[in-house]
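*Asks:* Pasting the sequence and the predicted model now:
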Amino acid sequence: MKHVYLWFYVLFSVGVTLPAMTQQKEIIGYYPSWKWKSGTTTMTPARIPYKKLTIIDYAFFYPQADGHLAGRDSIGDDLILNGERDTLNGTYKSGSALVELAHRNGVKVLLSVGGWDDSYNFPQVAASQATRAVFAHSCIEQLQKYGFDGIDVDWEFPCFSDHKGTPDDKYNYTFLLQLTRDSLDLFGSQTNRHYLLTAALPAQESRMKNYEIQKVTQLLDMLNVMTYDLSGQWDSLSGHNAPLYAPNAIDTDRNVDAAFRLFNKTYNLPASKINLGVPFYGRTYADCVGLYAHHKGVDTVHFPDGDCFYYDIVACRDKFSRMWDDRAKVPYLVSSSWKTFISYDDEESVRYKAQYVIDNHACGLIIWEITGDFLPDGSTPLLDVIDSTFRASVPK
């Protein structure tokens with residue numbers, strides 16, 4: 001991997017302990033700032049299973065209209081990035097902040113900027129040299145303040161009119177990444193480090209046409225392909241959230257394999273830079289009891305947020321019958337009593353996806369998001385499968 005010698009130098013110079021067995025594939029978990037509100041079983045920084053991860057993408061900060069970055073949840077940012085407070089004197093407890101804990105375990109932490117709900121300002125910020133410079137400078141400020149190891153740009157999506165996109169976004173996106181890359185490299189020359197620049201990218205060819213992907217790839221250390229949300233409640237019929245392979249002969253382009261081949265074969269991008277996505281959540285469909293069936297949107301009766309995480313599914317599995325689509329290599333759940341259909345990933349399908357990464361020499365997997373399979377007993381069954389599958393591939 002690039003800069004491996006420098007990486008070892010940095011780790012040892014700051015006293016970071018390496019995991020017992022070096023992980024050859026990336027396991028990148030998105031960690032949302034707002035999940036601290038979720039209750040007693042929340043995966044706090046102290047409870048993150050760092051040794052099963054290689055990178056944590058802290059989600060999200062977002063660009064304001066002038067280019068400066070702001071956190072999506074100020075209370076969560078303070079608690080997670082600064083650490084717990086001592087109730088006696090109000091100071092932060094040493095060793096309780098996310099980045100410090102991660103580094104102690106040999107895990108890098110990137111700041112993820114944007115997200116679906118906060119991509120509206122990207123078109124304006126990327127449109128001028130002045131605001132691009134403010135954005136890049138603000139990224140460096142966050143690295144200095146919190147000790148992040150790089151930036152993950154999650155602009156969803158260039159040229160997307162619903163998020164104030166314009167046709168110029170295609171080229172402005174490249175300009176924004178270039179200036180950010182230059183700023184990271186300049187800062188790195190001062191600190192004797194290489195800072196990562198990654199980006200969350202769409203899995204569909206229709207959206208990828210809005211990127212100068214060859215130029216973009218040269219600027220990025222890794223391409224995080226969001227191979228989930230490939231079907232959802234926005235479709236007239238129920239479907240798979242993240243099928244590994246095409247589930248039928250008609251719908252051939254909405255699956256993980258098609259996305260990987262788009263990047264690796266069609267665009268001729270190196271597999272060693274491509275991370276594929278795994279969802280730790282499921283898509284629910286109300287008044288629906290089958291695959292490719294009509295529905296009435298999300299099931300908010302049994303799942304208040306509409307969709308559900310894996311820990312929600314585990315808690316109510318006795319209400320459902322599990323089905324397996326052997327062609328797509330993913331499961332789904334059907335409840336005749338609730339009249340609910342759920343498309344999700346479980347241990348079996350996650351293992352297939354991890355093995356796909358190994359077989360196709362891809363870089364690794366991204367997870368949205370790592371609190372999703374954190375069960376009340378502290379176990380992480382989906383993450384365990386990814387970690388064990390990747391570790392089994394390491395030459396003895």
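*Replies:* Cool, the structure landed. Numbers count the residues shown, from 1 in each chain.
*Asks:* residue ranges with poor pLDDT in the chain?
*Replies:* Scanning the chain for pLDDT under 70 picks out 1-23, 37-41, 86-90.
*Asks:* In it, what residue spans correspond to strands?
*Replies:* Applying DSSP state E to the chain gives strands spanning 26-32, 55-63, 69-71, 108-114, 150-154, 196-202, 222-226, 274-279, 281-286, 308-309, 321-325, 330-335, 340-343, 364-368.
*Asks:* Quick check: chain neighbours aside, which residue is closest to residue 36?
*Replies:* Of all residues not flanking residue 36 in the chain, residue 76 sits nearest, at 4.8 Å (C-beta to C-beta, 6 or more residues apart in numbering). Just so you know, the C-beta spots here come from the backbone N, C-alpha and C atoms, and that holds for glycine as well.
*Asks:* My guess is residue 309 contacts residue 373. True?
*Replies:* Yes: the criterion here is C-beta atoms under 8 Å, and residue 309 meets it with residue 373 at 7.4 Å.
*Asks:* The two: who's more crowded?
*Replies:* residue 373 (26 against 22; other C-beta atoms under 10 Å).
*Asks:* Tabulate the strands of the chain (JSON lines), appending distance to residue 232.
*Replies:* Formatted as JSON lines, the strands of the chain follow (distance: least, C-beta to C-beta, whole Å):
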{"stretch": "strand 26-32", "distance to residue 232": "18"}
{"stretch": "strand 55-63", "distance to residue 232": "20"}
{"stretch": "strand 69-71", "distance to residue 232": "28"}
{"stretch": "strand 108-114", "distance to residue 232": "20"}
{"stretch": "strand 150-154", "distance to residue 232": "18"}
{"stretch": "strand 196-202", "distance to residue 232": "14"}
{"stretch": "strand 222-226", "distance to residue 232": "13"}
{"stretch": "strand 274-279", "distance to residue 232": "11"}
{"stretch": "strand 281-286", "distance to residue 232": "5"}
{"stretch": "strand 308-309", "distance to residue 232": "13"}
{"stretch": "strand 321-325", "distance to residue 232": "17"}
{"stretch": "strand 330-335", "distance to residue 232": "13"}
{"stretch": "strand 340-343", "distance to residue 232": "8"}
{"stretch": "strand 364-368", "distance to residue 232": "14"}
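*Asks:* Out of those, the one nearest residue 242 is which?
*Replies:* Proximity to residue 242 (C-beta to C-beta) singles out strand 274-279 among the strands of the chain, at 5.3 Å.
*Asks:* quick check, distance from that closest one to the centre of its chain.
*Replies:* 8 Å (C-alpha atoms, centre = their mean, to the nearest Å).
*Asks:* quick one: strands adjacent to that strand?
*Replies:* Applying DSSP bridges to the sheet, strand 274-279 is found paired with strand 222-226 (parallel), strand 364-368 (parallel).
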